[in-house]
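Participant: I'll drop the sequence and a predicted model, then ask my questions.
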Amino acid sequence: MRPQGPGHVSVLLSAVVELLSPAGRRLLVDCTVGLGGHAEALLDAAGTDARLIGIDLDEGNLARAKINLERFGERVRLFQANFADVAEVLDEAGQGPADLLLADLGVSSTQLDDPGRGLSFQADGPLDMRMNAGGGQTAADLVNRLPEAELADVIFSYGEERHSRRVARAIVAARRDKRIERTAELARIVTGAIPGAGASVRRGIHPATRTFQALRIAVNDELGSLERLLANLPDVLAPRARAGIISFHSLEDRRVKQSFANLAATGRARALTKKPECATVAEVAVNPRSRSAKFRVVEWVR
């Protein structure tokens, strides 16, 4: 297994291969192929008869995945699409149903570390946050357009930020002077609005973390996409197929947990992870961003 890109480490790689059990499976679907790290490991474990459909919204990720997976030749087909549209992608590919499906809901290191994407406050950049840079509203559009109450609701609902009203009030006050366009600018505004921000920094948690998460989720409709993916699972999985989803915050994990529980309760699937699989201490030491990852897996029964 070679590095997939500078600073990029595929999260929970061993657990993904072990729990999804790819050996002998014919059609694999990686709904968030990223740079191809999980896809490569799954194909290696599945055997030479396996084919993989890889999906990603990010054109740059797909270009890198194509290079990283080129040794598999025509066994891999890549599609630029939202993971929620997996059923449509399989129809377009003339494939399905899938024997294995994986969705890693995390933002890749290459995206986080690119200031031009505006996903992080660690380096100044344009306040964009779109996974698909080809269209749609940006985070700057949201913070400069939304009414104060609606902006507060977004920050509270998607970021679970208890100071959401203070933050929204500060953003609205700042944008009266000039449009907010940069990540560093927004991070300063948020930090100034949160009581005890200095203590948060000392604990290793930047005060703007929750607000940035909320805006990213809103810009990309991440929770709506996840709900559509979960609703589509019955239509895209073959009997005895396994589906696994890696989430990174409670809003995602709550939805995955409830959906998988509902499927198990109706007898359509059985849970293979009573509790989510999490990164080991050793993995967190190598890849700190894996700390919040939670992996849940079900096996289709029908």
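Facilitator: Nice, I can see it. Note that the structure is predicted; figures quoted are calculated from it, not measured.

Participant: from here on, contacts and neighbour counts on C-alpha atoms
Facilitator: Noted.

Participant: Where does residue 258 fall, secondary structure wise?
Facilitator: helix 250-265 (DSSP states H and E).

Participant: counting contacts, what elements does that helix pack onto?
Facilitator: With contacts taken as 3 or more C-alpha pairs under 8 Å, 6 or more residues apart in numbering; DSSP states H and E, helix 250-265 sits against helix 222-236, strand 269-271, strand 294-300.

Participant: winner for burial among those?
Facilitator: strand 294-300 (a mean of 24; mean count of other C-alpha atoms under 10 Å).

Participant: List the neighbouring strands of that one plus their orientation.
Facilitator: Sheet pairing here is set by DSSP bridges, and for strand 294-300 it gives strand 237-247 (antiparallel), strand 269-271 (antiparallel), strand 277-278 (antiparallel).

Participant: residues of the first one that come out buried?
Facilitator: Going by neighbour count (16 or more other C-alpha atoms under 10 Å), the buried part of strand 237-247 is 237, 238, 240, 241, 242, 243, 244, 245, 246, 247.

Participant: Please identify which of the residues you listed is nearest to residue 135.
Facilitator: Closest to residue 135 out of those is residue 247 (25.1 Å), distances taken as C-alpha to C-alpha.

Participant: any idea how far the closest one is from residue 268?
Facilitator: To residue 268, residue 247 is 22 Å away according to C-alpha to C-alpha, to the nearest Å.

Participant: One more: residue 103?
Facilitator: According to C-alpha to C-alpha, residue 103 stands 20 Å off from residue 268.

Participant: Please apply the same query to residue 255.
Facilitator: Residue 255 is 17 Å from residue 268, where distance means C-alpha to C-alpha.

Participant: Could you do residue 238 as well?
Facilitator: Taken as C-alpha to C-alpha, the span from residue 238 to residue 268 is 11 Å.

Participant: Need the residues touching each of those two.
Facilitator: Residues touching both residue 238 and residue 268 by C-alpha atoms under 8 Å, 6 or more residues apart in numbering: residue 300.

Participant: Start and end of stretch 259-272, how far apart?
Facilitator: End-to-end distance (C-alpha to C-alpha), stretch 259-272: 14 Å.

Participant: ok, and what's touching that stretch?
Facilitator: Residues outside stretch 259-272 that contact it (C-alpha under 8 Å, 6+ apart) are 19, 230, 296, 297, 298, 299, 300, 301, 302.

Participant: do that again at 10 Å, thanks
Facilitator: Residues external to stretch 259-272 that are found in contact with it (C-alpha atoms under 10 Å, 6 or more residues apart in numbering): 19-20, 227, 230-231, 233-234, 239-244, 253, 255-258, 273-274, 296-302.
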